[in-house]
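Peer 1: build me a model from this:
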Amino acid sequence: MATTVRLVSLLLMNLVIYMSSTAQCSITKHADPNPAEFVKSSCRATRYPVLCVHSLLAYAGVIHRSDRQLAMTALSVSISRTRSSALFLKKMSKARSMKGREWRAVQDCVETIGDSVERLKQSVRELGRTGLGEDFAWHMSNVQTWVSAALTDDNTCLDGFAGSAMNGNVKSDITERVIHVAQVTSNALALVNRFASTHATHSP
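Peer 2: Okay, the predicted model is just below:
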């Protein structure tokens with residue numbers, strides 16, 4: 001009888017330990033999501049969440065669970081996509097078939113998208129200077145200004161192709177690329193704003 005009681009007690013003790021361990025693991029998993037889940041949840045704050053996840057999920061291991069690294073990576077992706085579009089526009093601008101308004105619109109886009117690349121590069125440099133000290137808000141304001149200006153450049157390029165007086169293929173090829181760039185940059189700005197608002201309270 002005593003042996004049976006001890007056996008039951010041992011089984012109950014093991015059960016309690018197992019349940020406690022399982023509960024703790026569940027709590028830890030919920031409170032400390034893996035990097036991929038961090039990217040997905042963070043992207044909900046953007047205007048184009050599906051594109052955000054698609055653009056950034058491959059960098060989850062680098063981002064880990066850092067809001068700052070997430071914003072930095074989003075800006076780096078935006079630079080890469082914008083630079084690619086700038087090269088495409090330069091190639092398009094040399095096409096001999098374009099004339100008049102179409103040619104001028106492409107030339108304007110070469111300039112504005114080139115400016116967008118430079119503004120995004122400046123924003124990355126500025127973000128790299130941020131700590132959580134007294135200059136945090138000032139640096140973040142500069143980052144937000146640069147990224148907003150880059151987004152304005154993208155939209156300015158698109159405005160040049162408004163209306164129906166353009167060649168269909170040229171217009172569709174360029175606008176498709178620039179719209180994509182604008183959406184990626186919009187997402188980057190949202191993640192920059194998220195980082196700024198989340199950590200602003202840490203500044204003295």
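
Peer 1: which SS class is the spatially most central residue of the chain?
Peer 2: The centre of the chain sits closest to A74, judged by CA atoms, centre = their mean, with a distance of 3.2 Å. In three-state terms, and counting by DSSP: H, G, I helix; E, B strand; the rest coil, A74 is helix.

Peer 1: OK, contacts around the nearest residue to it once chain neighbours are set aside?
Peer 2: Leaving aside its chain neighbours, A74 sits nearest to A188 (3.9 Å; criterion: CB to CB, 6 or more residues apart in numbering). For the C-beta atoms, the positions are set from N, CA and C on the backbone; glycine is no exception. By CB atoms under 8 Å, 6 or more residues apart in numbering, A188 lies in contact with A71, A74, L75, V77, S78, L120, V147.

Peer 1: among those residues, which are in helices?
Peer 2: A71, A74, L75, V77, S78, L120, V147 (DSSP state H).

Peer 1: tell me the one among these nearest to I174.
Peer 2: Closest to I174 out of the ones in helices among the contacts of A188 is S78 (17.9 Å), distances taken as CB to CB.

Peer 1: residue ranges with poor pLDDT in the protein?
Peer 2: In the predicted model of the chain, residues 1-33, 132-134, 164-167, 200-204 satisfy pLDDT under 70.

Peer 1: and the helices in it?
Peer 2: Using DSSP H, helices in the chain cover 2-31, 35-43, 49-56, 60-63, 67-93, 100-127, 136-159, 168-199.

Peer 1: residues contacting the fourth one, please?
Peer 2: If I follow you right, that is helix 60-63. Residues contacting helix 60-63 (CB under 8 Å, 6+ apart): N34, P35, A36, F38, V39, L56, Q69, L70, T73.

Peer 1: ok, the fifth one touching S55?
Peer 2: No: no contact is recorded between V39 and S55 when judged using CB atoms under 8 Å, the distance being 9.6 Å.

Peer 1: closest to D159 among the contacts of helix 60-63?
Peer 2: Of all the contacts of helix 60-63, D159 sits closest to L56, with 28.2 Å by CB to CB.

Peer 1: excluding chain neighbours, give the residue nearest to the closest one in space.
Peer 2: Excluding the flanking residues, the one nearest L56 by CB to CB, 6+ apart is V39, at 5.2 Å.

Peer 1: count of residues packed around that neighbour?
Peer 2: Look at V39: counted by other CB atoms under 10 Å, it has 25 neighbours.

Peer 1: separation between it and T73?
Peer 2: According to CB to CB, to the nearest Å, V39 and T73 sit 9 Å apart.

Peer 1: anything in contact with each of these two?
Peer 2: With CB under 8 Å, 6+ apart as the test, V39 and T73 both reach L56, Y59, I63.

Peer 1: filter these to the buried ones?
Peer 2: Buried members of the shared contacts of V39 and T73, scored by 16 or more other CB atoms under 10 Å, are L56, Y59, I63.

Peer 1: no further queries at this time; thank you.
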